[in-house]
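> what follows is a protein structure lacking sequence information:
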């Protein structure tokens with residue numbers, strides 16, 4: 001497999017792009033080598049500029065849930081394009097998509113569309129503060145909630161991939177109201193409430209997706225929500241990754257929890273730039289123009305993104321692929337575990353429906369500290385061998401893999417061959 005054109009584009013990109021990329025993980029810093037440049041995608045496949053085709057388990061980090069360039073999404077977007085690209089005014093499709101989203105989440109009466117998951121989260125945090133009249137927010141180490149200053153501490157995949165403890169340019173004052181707890185450890189949350197009386201909310205990924213896939217243990221989410229209710233604090237569910245991934249709605253519902261505020265990302269736009277935050281009427285009526293919490297955006301509710309979202313979610317609901325996701329996910333999990341056992345490679349596979357990833361460690365992974373016991377050098381070897389065998393993975397040990405409903409039996413067979421070869425390569429590297 002040749003990567004000549006990607007190498008050429010990387011060198012050319014260094015001139016006017018920072019590191020030749022527009023998002024740090026794309027730089028392949030933790031796996032070595034030059035980043036791949038993608039030309040096109042269709043269904044379950046993605047193709048780079050050298051013509052190499054891969055089964056795509058990145059899926060734009062989740063949103064291409066029914067596969068790339070689905071004909072119904074193509075048709076819906078093409079129709080919207082004929083009418084214009086952006087109006088800075090309201091359109092009917094905003095109302096249609098809002099109903100689809102609200103109907104999918106219990107107790108979500110209203111939603112506000114924004115332009116990214118980062119914007120959804122920063123707005124959701126502001127809303128929690130506006131509603132409670134309190135300032136402090138608790139987040140969990142290893143959970144990434146976008147690159148806003150206040151939450152860019154102990155932030156998971158992007159920073160740990162680059163071995164960065166935080167971010168330069170974030171002033172001390174920006175994080176003075178951010179408290180950090182340990183995922184799956186309710187006592188670490190309670191300790192903050194024992195010393196602070198101005199905590200507005202706790203924000204959490206219902207399934208951790210930015211320290212690798214990490215699943216709440218022993219009713220952790222439910223007990224967390226019950227505890228917050230006794231303290232008058234809100235629960236913010238960051239479902240930018242998990243939204244519509246394990247059911248038509250949120251992972252929180254599968255876990256027996258209803259968040260006070262839910263944040264969503266680009267899956268609700270079919271991969272187009274979009275985000276959203278929503279809650280019950282009592283909370284959402286704090287948002288301008290109904291209330292005093294200001295948030296605005298010229299491109300919010302962009303007509304092309306709305307069309308992509310309506311088409312994607314309508315088709316997703318029709319397909320209802322979640323039982324198949326569970327079946328395919330279990331097959332790939334078994335493939336990983338079987339190959340690791342065959343070649344005596346230490347891995348732990350965490351999976352929740354259509355999200356999964358292997359950790360190259362002996363230890364159970366239930367929080368960020370345990371995730372960091374993973375051998376990232378082994379992952380880098382595994383990553384490149386998977387690439388050479390036609391499977392496109394996130395270039396980081398600490399990013400989730402995703403499934404699309406476009407994946408085929410033939411794709412699974414190819415993944416099995418690639419995993420076997422990659423595990424063998426990892427095993428050989430130990431000697």
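Everything's here; your move. Note that the structure is a prediction, hence the values are computed from the model and not measured.

> ok, and the closest non-adjacent residue to the residue nearest the centre of the chain?
Centroid-nearest residue in the chain: residue 241, 2.9 Å away (criterion: CA atoms, centre = their mean). Counting by CB to CB, 6 or more residues apart in numbering, residue 241 lies nearest to residue 209, which is 4.0 Å off, once chain neighbours are set aside. Where you see a C-beta, it was placed from the backbone N, CA and C, and this is true even at glycine.

> quick check, pLDDT for the one you found.
We have a pLDDT of 88 for residue 209.

> in contact with it, which residues?
By CB atoms under 8 Å, 6 or more residues apart in numbering, the contact set of residue 209 is 241-242, 355, 399-400.

> select, from the residues you listed, the two members most distant in space.
242 and 399 (13.9 Å; CB to CB).

> the two: which has the busier surroundings?
residue 242 (30 against 25; other CB atoms under 10 Å).

> tell me the secondary structure at the more buried one.
The three-state label given to residue 242 by DSSP: H, G, I helix; E, B strand; the rest coil is coil.

> isn't residue 111 up against residue 275?
No: judged on CB atoms under 8 Å, residue 111 makes no contact with residue 275 at a distance of 10.4 Å.

> so who does the residue nearest to the centre of the chain touch?
61-62, 205, 207, 209-210, 265, 355, 400.

> what about 10 Å?
Each residue near residue 241 by CB atoms under 10 Å, 6 or more residues apart in numbering is listed here: 61-63, 117, 144, 205-210, 213, 251, 264-267, 355, 399-400, 402.

> go on, residue 258?
Neighbouring residues of residue 258 by CB under 10 Å, 6+ apart: 105-108, 225, 235, 237, 250, 252, 280.

> keep only those of those that are in helices.
Residues of the contacts of residue 258 located in helices (DSSP state H): 225, 252.

> now neighbour count, distance to residue 289 and pLDDT too, for the contacts of residue 258, in CSV please.
As requested, the contacts of residue 258 are exported to CSV (neighbours: other CB atoms under 10 Å; distance: CB to CB, whole Å; pLDDT from 0 to 100):
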residue, neighbour count, distance to residue 289, pLDDT
105, 23, 23, 96
106, 14, 26, 89
107, 14, 23, 89
108, 26, 19, 97
225, 22, 30, 97
235, 24, 26, 98
237, 29, 25, 97
250, 25, 27, 95
252, 25, 28, 94
280, 15, 18, 98
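
> how about low-confidence regions in the stretch 1-150 of the chain?
149 (pLDDT under 70).

> from residue 188, how far off is the residue nearest to the centre of the chain?
In this view, residue 241 and residue 188 are 22 Å apart by CB to CB, to the nearest Å.

> same deal with residue 427?
For residue 427, the distance to residue 188 equals 37 Å [CB to CB].

> thought residue 233 was touching residue 227?
Yes: between residue 233 and residue 227 there is a contact at 8.7 Å, judged by CB atoms under 10 Å.

> what helices and strands are in contact with the helix or strand where residue 202 lies?
Element membership for residue 202 (DSSP states H and E) is strand 199-204. When contacts are defined as 3 or more CB pairs under 10 Å, 6 or more residues apart in numbering; DSSP states H and E, strand 199-204 sits against helix 117-132, strand 136-140, strand 178-181, helix 186-195, helix 220-231, strand 234-238, strand 261-264.

> turn the ones you listed into a markdown table, including distance to residue 369.
Shown next, in a markdown table, are those (distance: least, CB to CB, whole Å):
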| stretch | distance to residue 369 |
| --- | --- |
| helix 117-132 | 23 |
| strand 136-140 | 11 |
| strand 178-181 | 12 |
| helix 186-195 | 11 |
| helix 220-231 | 16 |
| strand 234-238 | 20 |
| strand 261-264 | 25 |
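
> in a strand, residue 333, correct?
No: using three-state DSSP, the assignment for residue 333 is helix, not a strand.

> for it, what are its contacts?
Contacts of residue 333 (CB under 10 Å, 6+ apart): 349-351, 356, 358.

> so residue 89 sits against residue 300, correct?
No: taking CB under 10 Å as the definition, residue 89 is not a contact partner of residue 300, at 11.2 Å.

> who's more crowded, these two?
Comparing residue 89 with residue 300 by other CB under 10 Å, the one with more neighbours is residue 300, at 19 against 8.

> just say helix, strand or coil for the more buried one.
Recorded secondary structure, residue 300: coil (three-state DSSP).

> relative to residue 104, how far out is it?
With distances taken as CB to CB, residue 300 is found 20 Å from residue 104.

> can you count the residues close to residue 421?
Neighbourhood size, residue 421 [other CB under 10 Å]: 16.

> next: residue 246.
Neighbourhood size, residue 246 [other CB under 10 Å]: 22.
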